[in-house]
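Trainee: A predicted structure for the sequence below; I have some questions about it.
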Amino acid sequence: MNARARMALGALLIAALMAPLVPLALWSVARGWFFPQILPATWTFEPWMRAFAARSDIPGALMTTTCIALAASALALLLGIPAGRALGLYRFRGKTLVELALLAPVIVPGIAVGLGIHGVFLRLGLTNSALGVVLVHLVPTLPYVVFVMSGVFANYDAEAEAQARSLGAKPLQVLWHVMLPAIAPGVMVAGLFAFLVSWSQYILTLTIGGGRVVTLPLLLYAQAGAGRNDQAGVLAMLSLAPGLVILALVARQLAGRGMTIGGTR
Amino acid sequence: MAGSRTSATEVIGRGHPWLSLAPALCVIAVLFGGGLVLGLAGSFGMGRGGWSLDAWAAVLGEGRVWRSLGLSLWIAFASTALSCLIGLGAALLLRRRFPGQGLARLLFQINLTIPHAVGALGILWLLSQSGFLARIAGGAGLIDGPAGFPALTQDRHAIGIIAHYVWKEVPFIGLILLANMQSIGDDPEAAARSLGASPFAAMRLVLLPLLRPALIRAGAIVFAFSFGAWEVPVLLGQSSPPALPVLAWQRFTDPDLAARPEAMAIAMLIALVSALLIRAAFAGRS
Amino acid sequence: MTRLTLDTLDLRHPGTERPALDALSLEVADGEMVALLGPSGCGKTTALRVIAGLVAPDAGEVRFDGVSVGHLPPERREAVLVFQSGQLFAHMDVAANVGFGLRMQRRPKREIAERVAEALAQVQLGDLGHRRPHELSGGQRQRVALARALVLKPGLLLLDEPLSSLDAHLRGEMRALIRRLQRETGITTLVVTHDQEEAAVLGDRVALMLGGRIHQIGAGAALWNRPADLDVARFFGGCNFISGRSSGGGFDCALGRLLLPEGAPSGEGCLTLRPEAIEPGEGENALTLRVIETRFEGLLTRITAEGSGLRLEALMRAGAARGAVPGQDVRWRLPREALWVLPGV
């Protein structure tokens, strides 16, 4: 295949992948855009103004989603970095089993476990609370962080730590001055994508939050269902934003590694 | 030297990898394991006045459940097959240099970061009978009104749902294959060529078998997700029969609390299908 | 400075058949540089790690100045280990790498800067403080690693194969630098190497380690010419072993009676002599042998010859080897000083 054909096919591929974003973007700057108009008759920033007006639910949902995603990814990093270190650096009996146990939450759909987790959280008094939602978001984010960090640690030379000890560093100093700087790029990738995974959750949030914890995806469907397409368009654009920013930040590190676990589920 | 791996243990690891794994494994055990166990117990009537097989008997004896299962399997099979096929094509396309390749590769990754809910709404507004494509068709004079445009969403064949999964998963499959192609390199194919294989034969007989394990695992992930996701069929699917996850949620939120064990039983069915997938695609890997 | 004592150290890595350290004992005097020589896998790197405190031995004691340090973690030991790979921290520049240990001790910034500059000058890298490790050549990296250890003024310096990652022409330079710095600072040093020549040049004494224990320790020449046992002789390239009996300054064997140097052990044993010690010509201990094979090995030629059913191998320069033609007889002299007896073999 020559370069020109590749270019044409590539353009077609990208156009197809971008196509569903077009109506979303158009609705966020349209007023009364009805069949058979191909483009909105009136272009306006009014939907955005309304979205951030005083009585809008959107700023609150934005805040909720951001805080939950920050908390969930921080917790996932806290638990996932040591686990990734163990999987990346050591060979031990039962390792394959551990990997399978961590893979299962990535594969088993949220609704299959969410209904049961609802039962667990009901007993713990965690349903209908943001804390419960943060915890349940660990199910998809934590395995993700563990797998990314295990890949990072597989390329990490633990001998540097022995060298640091011999040069007089205490274990905590080794952690802070040697290990963390060395794995920092990997931690960033894992953290940013854990954030995105949490940011995109729907059914787990709905199950545990019981409709009281309103995140952007929930509000998106609510607005679209109520026929407020312009507000849904704004919400869609807001939901896209962190992913695009993160992609721009880590595009280089991503190639070949980052998303091998499964993107945002 | 022989001691290098041992000494690493002494540095921060504090003796044993299990200690570093314990917190993460505990959280997964309580949340994920606990969720499965309680779901299973719930399906046998726990918390509803004694153990019984009623819910399972009702679910397995109900034609609607089987139709939903069939629909979900169709969605998963079709989405996985198309995603793998197109994803492979995209990877083969993007691996060679052409003008704009870098940009195409960057844009190719965008879908991975888009929440499913956003994508599903985009697909709805793109493909519905009053959607963007229908308007373009109308503008081009191909159809008279919304009814003239084929029903691609909330339709019997779940085309909208499948379209969404393919749209979202082609980059996922494609990027995994691209990464694998990068680590395989050009040498195996070049060796085949020098042994007399045509470019196509080299790809089919050398490259594809090398990519197979990665493709199977990525495909299993796509299958499990498109089989069990809720937010996509709830927006893009028809209401009768609904996809299996939607049916589970309907039972779960039924005002009649007696339907809850049935919801749990359906959730366990979904978990069972994923467990079989994990066994088939991931267990026993080296 | 520190006197180092290793007292019957035992260590077996889990899941391995042979012990890595097998009753290893060694004494390094204050200010001495000892080269720990051995083939790969003999346990010499493990020994360094035990001394540095990175691995705990199963049994035995490590003592600094006679005091056991078994309970001390690596950062509180007087010893600094310089890794084979250098192990520069990639996220720090050269100056930060060299100052790492001082920062861990929370020294004042000014003092760190001064001592880092001093240490970098010592290894002739005074102007490279702002470079990153990946911008350095292999030799420069090794010198930074050395400076990073020296700046701490340790009581004991442990060098693991410091020259193995360098090109041949850099080795000589680096060897001289290590030698000079050790003399200047007087730091007790244990340097591990698999290279005989390196061991001989660097070490005040050479300790040969085989199978987890020291087989012989002494001046380099002694190990070469006066091996303690068959394994030592073989390690140093010995290939002529003749069994017989040593008595009264002579050795009786199939080749007749050969005169021995003074001090050679007596009794049943095995005569050894290095192939390059054999000389063509007449004199003391001269023999007639039939040449079987000659093999050109560059600078030297290896000649195999036979007499009285015994084979001898000799390594000779081209000129000396010219007379040796397969199938013909030669006269070879086995110099008395080059002979040694391994008793009881």
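Mentor: Noted; the coordinates are in hand.
Trainee: need the residues of the stretch 151-286 of chain B near chain A, please.
Mentor: B:167-168, B:170-172, B:175-176, B:178-179, B:182-183, B:220-221, B:224-225, B:227-231, B:234-235, B:245, B:248-249, B:252, B:263-264, B:267-268, B:270-271, B:274-275, B:277-278, B:282-283, B:285 (CB under 8 Å from any CB of the partner chain). To be clear about C-beta, it is placed using only N, CA and C from the backbone, and glycine gets the same treatment.
Trainee: from the chain's centre, how far out does the longest helix seen in chain B sit?
Mentor: As assigned by DSSP state H, the longest helix anywhere in chain B is helix B:63-95. Relative to the mean C-alpha coordinate of its chain, helix B:63-95 is positioned 8 Å out (CA atoms, centre = their mean, to the nearest Å).
Trainee: just stretch A:126-137 next, same as before
Mentor: 16 Å.
Trainee: quick one: average pLDDT of it?
Mentor: When pLDDT is averaged over stretch A:126-137, the result is 96.
Trainee: that one near chain B at all?
Mentor: Yes. Shown here: stretch A:126-137 in contact with chain B (CB under 8 Å from any CB) through A:135-136.
Trainee: low-confidence regions, chain A specifically.
Mentor: A:1, A:252-265 (pLDDT under 70).
Trainee: which residue ranges of it form strands?
Mentor: Counting by DSSP state E, one finds strands in chain A at the ranges A:30-31, A:42-43.
Trainee: find the nearest non-adjacent residue to A:Pro217, please.
Mentor: The shortest distance from A:Pro217 to any non-neighbouring residue, by CB to CB, 6 or more residues apart in numbering or on different chains, is to B:Ala117 (3.9 Å).
Trainee: then B:Gln250?
Mentor: Of all residues not flanking B:Gln250 in the chain, B:Pro242 sits nearest, at 6.9 Å (CB to CB, 6+ apart).
Trainee: what count of nearby residues applies to the one you found?
Mentor: Neighbours of B:Pro242 under the rule other CB atoms under 10 Å in any protein chain shown: 20.
Trainee: kindly provide the distance from the residue of the stretch 101-250 of chain C found nearest chain B to C:Gln84.
Mentor: As assessed by CB to the nearest CB, chain B sits closest to C:Asp160 within the stretch 101-250 of chain C, at 8.6 Å. Applying CB to CB, to the nearest Å, the value for C:Asp160 to C:Gln84 is 5 Å.
Trainee: name the residues contacting each of those two.
Mentor: When CB atoms under 8 Å, 6 or more residues apart in numbering or on different chains defines a contact, the residues bordering C:Asp160 and C:Gln84 alike are C:Thr45.
Trainee: more neighbours: which of these two?
Mentor: Legend: neighbour count by other CB under 10 Å for C:Asp160 and C:Gln84, higher for C:Asp160 (24 against 21).
Trainee: scan chain A for its longest helix.
Mentor: helix A:58-89.
Trainee: is that one up against chain C anywhere?
Mentor: No. Using CB under 8 Å from any CB, helix A:58-89 stays clear of chain C, coming no nearer than 15.3 Å.
Trainee: list the contacts for C:Pro108?
Mentor: C:Pro108 neighbours (CB under 8 Å, 6+ apart): none.
Trainee: gap between the residue most central in space within chain A and A:Leu219?
Mentor: In chain A, the centroid-proximal residue (CA atoms, centre = their mean) is A:Leu196; its distance is 1.6 Å. According to CB to CB, A:Leu196 and A:Leu219 sit 18 Å apart.
Trainee: quick one: the helices in chain C, in order.
Mentor: With DSSP H as the definition, chain C shows helices at residue ranges C:44-52, C:94-98, C:100-104, C:109-122, C:138-150, C:168-185, C:196-202, C:220-225, C:230-235, C:318-321.
Trainee: what's near enough to touch A:Pro40?
Mentor: Neighbours of A:Pro40 in contact, by CB under 8 Å, 6+ apart: A:26-27, A:29-33.
Trainee: give me the nearest residue to C:Gly220, chain neighbours excluded.
Mentor: With sequence-adjacent residues excluded and distances taken as CB to CB, 6+ apart, C:Gly220 is closest to C:Ala200, at 3.4 Å.
Trainee: for the stretch 101-250 of chain C, which residue gets nearest to chain A?
Mentor: Using CB to the nearest CB, the closest approach of the stretch 101-250 of chain C to chain A is made by C:Gly101 at 4.0 Å.
Trainee: what is the neighbour count of the closest residue in space to that residue that isn't next to it in sequence?
Mentor: In this structure, C:Gly101 finds its nearest non-sequential neighbour in A:Leu167, 4.0 Å apart by CB to CB, 6+ apart. When neighbours are counted by other CB under 10 Å, A:Leu167 registers 29.
Trainee: so of the helices of chain C, which one's packed in deepest?
Mentor: helix C:44-52 (a mean of 27; mean count of other CB atoms under 10 Å in any protein chain shown).
Trainee: what about that helix, distance to the chain center?
Mentor: Centre-to-centre, helix C:44-52 and its host chain are 15 Å apart (CA atoms, centre = their mean).
Trainee: C:Ile217 contacts C:Met209, correct?
Mentor: No. Assessed by CB atoms under 8 Å, C:Ile217 is found out of contact with C:Met209, at 9.3 Å.
Trainee: can you pull out the low-pLDDT segments for the stretch 151-300 of chain C?
Mentor: For the stretch 151-300 of chain C (pLDDT under 70), the answer is none.
Trainee: near chain A, which residues of it?
Mentor: Within the stretch 151-300 of chain C, the positions near chain A by CB under 8 Å from any CB are C:152, C:158.
Trainee: do a quick rundown of the strands in the stretch 151-300 of chain C.
Mentor: Using DSSP state E, counting those that start in this stretch, the strands of the stretch 151-300 of chain C run over C:156-160, C:188-193, C:205-210, C:213-218, C:240-247, C:250-253, C:256-259, C:267-273, C:279-280, C:286-297, C:300-307.
Trainee: ok, the residue of the stretch 101-250 of chain C closest to chain A touching C:Leu150?
Mentor: No. Contact criterion CB under 8 Å: C:Gly101 and C:Leu150 do not qualify, at 10.1 Å.
Trainee: can you list contacts of stretch C:262-275?
Mentor: Under the criterion CB under 8 Å, 6+ apart, residues C:224-225, C:227, C:230, C:233, C:236-249, C:251, C:253, C:258, C:302, C:313-315, C:334, C:338-345 lie in contact with stretch C:262-275.
Trainee: quick one: buried ones out of those?
Mentor: Buried members of those, counted by 16 or more other CB atoms under 10 Å in any protein chain shown: C:224-225, C:227, C:230, C:233, C:236, C:238-240, C:242, C:244, C:246, C:251, C:253, C:258, C:302, C:313-315, C:334, C:338-342.
Trainee: find the nearest non-adjacent residue to A:Ala30, please.
Mentor: Here the residue nearest A:Ala30, using CB to CB, 6+ apart, is A:Pro40, at 3.3 Å.
Trainee: apologies, that question was intended for A:Ile246.
Mentor: A:Leu192 (4.6 Å).
Trainee: doesn't A:Val250 make contact with the one you found?
Mentor: Yes. Using CB under 8 Å, A:Leu192 is in contact with A:Val250, at 6.3 Å.
Trainee: quick one on the thing from earlier: tabulate the strands of chain A (TSV), appending mean neighbour count.
Mentor: Converted to TSV, the strands of chain A look like this (neighbours: other CB atoms under 10 Å in any protein chain shown):
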stretch	mean neighbour count
strand A:30-31	18
strand A:42-43	12
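Trainee: want to throw those into TSV with distance to A:Leu126?
Mentor: Output for the strands of chain A, formatted as TSV (distance: least, CB to CB, whole Å):
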stretch	distance to A:Leu126
strand A:30-31	41
strand A:42-43	45
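Trainee: can you tell which of those strands is closest to C:Lys44?
Mentor: strand A:30-31 (75.9 Å; CB to CB).
Trainee: mind listing the strands the closest one pairs with, and their directions?
Mentor: Strand A:30-31 has these partner strands in its sheet, going by DSSP bridges: strand A:42-43 (antiparallel).
Trainee: off-centre distance for the strand it pairs with?
Mentor: Counting by CA atoms, centre = their mean, strand A:42-43 comes out at 33 Å from the chain centroid.
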